[in-house]
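Trainee: fold the stuff below for me.
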Amino acid sequence: MCSKSSKLVLILVSVSIAITSITYVAQANGRVTKFQNQSVGPYLVSLGTIPETPIVGNLHLTLTLMEIEKQEFILDALITASGNGSTINSKDIGPINAVKNFGDPRYYDINTSVNTTGTWTFDIAIKADPGEITTTFQIEVVERNNIPAILAFFVLLILVTILGLSIRAFIQQQSKGKKRFN
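Mentor: Numbering: from 1, shown residues only. Next up, the predicted model:
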């Protein structure tokens, strides 16, 4: 026969597992899920960011390059990126060479950071067998929204408090049960 406190602990553990399983789906190797595509010359150039909605701070760019005519990814391109923001306080970026992703050579990765909000323009220069091109992507950088993180912290704090009180009540009940039998 289960006591009320052990039922409560079981419910809390179940709720905690459910909450953690509902969180955002993470892609293998932190892959980008949303790309901007541009057809330029013989190429289809795709650019995605992590985070998906860029914020001031670290920014990861992922590019793919496909030869349109052959419908094949180009795996041996030299790709560089340069960026600048729309405000006077924006610090220019690059040029930075993209690095092939070790897990999947179709992807080229660039790690950088942006220091201001607003529209950032990234010039992508590509050198590969079909030819050299330059294309431009615009990325909107926004201010970080801390409210979800604060709410998550308070929910976690409440859950830990409830769990702690439940365990305390369970231990107290167990110790009372042992005293009855002694």
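
Trainee: could I get the full set of strands for this structure?
Mentor: 35-40, 43-50, 57-67, 72-73, 78-85, 93-97, 99-100, 107-114, 118-128, 131-141 (DSSP state E).

Trainee: so can I have a markdown table of those showing mean pLDDT, mean neighbour count and distance to residue 163?
Mentor: Glycine gets a C-beta too; all of them are placed from N, C-alpha and C. A markdown table is the format used below for these (pLDDT from 0 to 100; neighbours: other C-beta atoms under 10 Å; distance: least, C-beta to C-beta, whole Å):
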| stretch | mean pLDDT | mean neighbour count | distance to residue 163 |
| --- | --- | --- | --- |
| strand 35-40 | 90 | 13 | 41 |
| strand 43-50 | 92 | 20 | 33 |
| strand 57-67 | 91 | 19 | 33 |
| strand 72-73 | 92 | 13 | 49 |
| strand 78-85 | 92 | 19 | 45 |
| strand 93-97 | 90 | 15 | 45 |
| strand 99-100 | 91 | 14 | 44 |
| strand 107-114 | 91 | 18 | 38 |
| strand 118-128 | 92 | 18 | 44 |
| strand 131-141 | 91 | 15 | 39 |
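
Trainee: could you dump those strands into JSON lines and include distance to residue 172?
Mentor: Formatted as JSON lines, the strands of the chain follow (distance: least, C-beta to C-beta, whole Å):
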{"stretch": "strand 35-40", "distance to residue 172": "56"}
{"stretch": "strand 43-50", "distance to residue 172": "48"}
{"stretch": "strand 57-67", "distance to residue 172": "47"}
{"stretch": "strand 72-73", "distance to residue 172": "63"}
{"stretch": "strand 78-85", "distance to residue 172": "59"}
{"stretch": "strand 93-97", "distance to residue 172": "59"}
{"stretch": "strand 99-100", "distance to residue 172": "57"}
{"stretch": "strand 107-114", "distance to residue 172": "52"}
{"stretch": "strand 118-128", "distance to residue 172": "57"}
{"stretch": "strand 131-141", "distance to residue 172": "53"}
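
Trainee: give me the contact list for stretch 78-92.
Mentor: For stretch 78-92, the surrounding residues in contact (C-beta atoms under 8 Å, 6 or more residues apart in numbering) are 61, 63, 65, 93-98, 108, 110, 112, 114-128, 141.

Trainee: about what we covered before: nearest to residue 148, of the strands of the chain?
Mentor: Nearest to residue 148 among the strands of the chain is strand 57-67 (16.0 Å), distances taken as C-beta to C-beta.

Trainee: which one is residue 31 nearest to, not counting chain neighbours?
Mentor: residue 62 (7.3 Å; C-beta to C-beta, 6 or more residues apart in numbering).

Trainee: any idea which helix is longest in this protein?
Mentor: Counting residues, the longest helix found in the chain (DSSP state H) is helix 147-181.

Trainee: sorry, back to before: partner residues bridging the residue nearest to residue 31?
Mentor: Under DSSP bridges, the beta-bridge partners of residue 62 are residue 48, residue 109.
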